[in-house]
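**Student:** below is the structure, and that's it, no one-letter string:
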């Protein structure tokens, strides 16, 4: 193809397409770049969402930065138990935050998990309405599209229902991750 | 009975490559397709460059939706819809290649297209896909890595043969002479 002999009509068409292409490519790259920067926002203290231990939190539970550890809950055979006010999710900001809760790890064996008919995390808002229920025995159990209003505290309940004849000493480990959208 | 467990909260940290990168790559490839089909409009349907521009625009809308619903959709879903968009783009590139070869019977153009457009774009896509998989700790990405090496070998050989078919013929001829 000889570009010098390209007719005017075709040249004009090409030029217009080139300009619109540059425009689309630029704005797309800007959106991508914006998302990339948003995703790399640093962790700050005193703002955003934070965990807080509730009145029913098991003894020995600790909070280090954004991580709650050693929430060792026990239950006796045949008796279900609710840790009604175990943890709080506190919105420290004057704006609402969107967030997700996900069971990112549930590595215990199926045999150990079989000792529980229910092992759930239940999230309540300020009016005690259920906002989310996560099955802690299932990796990938997720609650999306949650929005916590500004300067509000929500309550986390753990519900443990063992089978009638569980194995003594059987343990179920889990990790729950809260990911929230920081204010722009 | 007792349970060891922990709950943690953290800011979402971005990996080196966001899933939207595949959508961005798809947009750029659609734009490239649009310009190339405009240059070759005597061999292609006239509306095709505009259709590809619209497809790129759709990709931009795709990015905007992803940006606004980043948390709601989650990484897994974002990856798949961006990757499917890229796949649609690559399918179009290959379809144009087949169109030249099978419908128009323009073998030279089809060969040039496969060497200059189809292979490089597929190769680049596989490269970034392998990279993304590696960063996200996908356990079995061996297939993609092998595909990457195979694509690189095919592309390198194709380019060499395309640029200098005579050299290949001479090498083969010399080998034949040595054997006899």
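**Tutor:** Thanks, I have it. Values in this document were obtained by computation on a predicted structure and should not be read as measured data.
**Student:** stretch B:149-166: how far from the chain's middle?
**Tutor:** How far stretch B:149-166 lies from its chain's middle: 18 Å, per Cα atoms, centre = their mean, to the nearest Å.
**Student:** that one: which residues count as buried?
**Tutor:** Within stretch B:149-166, the residues that count as buried by 16 or more other Cβ atoms under 10 Å in any protein chain shown are B:151, B:155. Any C-beta I mention is one placed from the backbone N, CA and C, and that applies to glycine too.
**Student:** what segments of the chain are helices?
**Tutor:** Just going to use chain A. A:8-39, A:110-113 (DSSP state H).
**Student:** sorry, should have said chain B
**Tutor:** B:20-39, B:48-68, B:70-98, B:107-113, B:119-135, B:142-163, B:165-179.
**Student:** for the ones you listed, give me JSON lines that also has distance to chain A and mean pLDDT.
**Tutor:** Output for these, formatted as JSON lines (distance: least, Cβ to the nearest Cβ, whole Å; pLDDT from 0 to 100):
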{"stretch": "helix B:20-39", "distance to chain A": "4", "mean pLDDT": "93"}
{"stretch": "helix B:48-68", "distance to chain A": "5", "mean pLDDT": "91"}
{"stretch": "helix B:70-98", "distance to chain A": "5", "mean pLDDT": "88"}
{"stretch": "helix B:107-113", "distance to chain A": "10", "mean pLDDT": "85"}
{"stretch": "helix B:119-135", "distance to chain A": "13", "mean pLDDT": "83"}
{"stretch": "helix B:142-163", "distance to chain A": "17", "mean pLDDT": "73"}
{"stretch": "helix B:165-179", "distance to chain A": "21", "mean pLDDT": "66"}
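**Student:** closest to residue A:65 out of those?
**Tutor:** Of all the helices of chain B, it is helix B:70-98 that lies closest to residue A:65, at 20.7 Å by Cβ to Cβ.
**Student:** buried ones in the closest one?
**Tutor:** In helix B:70-98, counting by 16+ other Cβ under 10 Å, buried: B:70-71, B:73-74, B:78-79, B:81-83, B:85-86, B:89-90, B:92-94, B:96-97.
**Student:** chain center to stretch A:158-166, what's the gap?
**Tutor:** The answer for stretch A:158-166 is 26 Å, by Cα atoms, centre = their mean.
**Student:** what do you get for stretch B:147-166?
**Tutor:** With Cα atoms, centre = their mean, you get 17 Å for stretch B:147-166.
**Student:** contacts for it, please.
**Tutor:** Residues outside stretch B:147-166 that contact it (Cβ atoms under 8 Å, 6 or more residues apart in numbering or on different chains): B:111-112, B:114-115, B:119-120, B:122-123, B:126-127, B:130, B:167-168.
**Student:** how about 6 Å then?
**Tutor:** The contact list for stretch B:147-166, computed with Cβ atoms under 6 Å, 6 or more residues apart in numbering or on different chains, reads B:115, B:119, B:123, B:126-127, B:130, B:168.
**Student:** distance of residue B:17 relative to residue B:59?
**Tutor:** According to Cβ to Cβ, to the nearest Å, residue B:17 stands 17 Å off from residue B:59.
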